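predicted model, plus sequence, below.
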Amino acid sequence: MAFIVGQLHRACLLALLAPTLVACRPAQQSPPPVARYLVTDSPIDVGVGTGLCLAVDPLDEHGIWWWQPGATGCASRSTGPGVFHATEGRVSRPTLGVPTAVDFRLGTHSTTRPFIDVRLVVEDGSIRALDTGARVTLQRRDDLEVPDVPAAGRR
């Protein structure tokens, strides 16, 4: 009889501990979330000035921002405050295997040419300016908090 009671106690103990052991085991790690913005590693020649730094939110149809590079290139800025949301910006919907089209209107300081239309394509980890052929690599970034660090001579 004592043997049967002992077996029952062990069975009850295992039945009570089993859910705890399952709940305490390490959970499978999910992949880290993908950063929201695609940002140029270096300034890209868009046909006016010395080049712009760009950020694209591929999931926002108006998600394009620009700034002039600072002392550390596109990791900082020399314009602001903050980065500029592009005028008339358009980003095509991302489709597997199809490059993402990006375009916006950029104001200039010219009376004869007050703006240019900038047309770009995001593909294979880079962005290419259609009018100049310039191409730069992209990196992912969680935010657009780009520090103001003017380039030498721009303070």
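Perfect, I can see it now. Numbers count the residues shown, from 1 in each chain.

the bottom helix or strand of the protein by mean pLDDT?
Least confident helix or strand, the chain: helix 2-24 with a mean of 51, by mean pLDDT, DSSP states H and E.

helix or strand right after that one?
Past helix 2-24, heading to the C-terminal end, the next element that is a helix or strand (DSSP states H and E) is strand 37-40.

counting contacts, what elements does that following strand pack onto?
strand 53-56, strand 135-141 (3 or more Cβ pairs under 8 Å, 6 or more residues apart in numbering; DSSP states H and E). C-beta here means a position set from N, CA and C on the backbone, and glycine is covered the same way.

hey, which of those strands is tucked in deepest?
Highest mean neighbour count of those: strand 53-56, a mean of 25 (counted as mean count of other Cβ atoms under 10 Å).

for it, what is the average pLDDT?
Summarised as a single mean, pLDDT over strand 53-56 is 98.

mind listing what that strand pairs with, with the direction of each?
In the sheet, strand 53-56 lines up against strand 37-40 (antiparallel), strand 64-67 (antiparallel) (DSSP bridges).

which one of those strands lies closest to Thr50?
Closest approach to Thr50 among those is made by strand 64-67 (12.6 Å; Cβ to Cβ).
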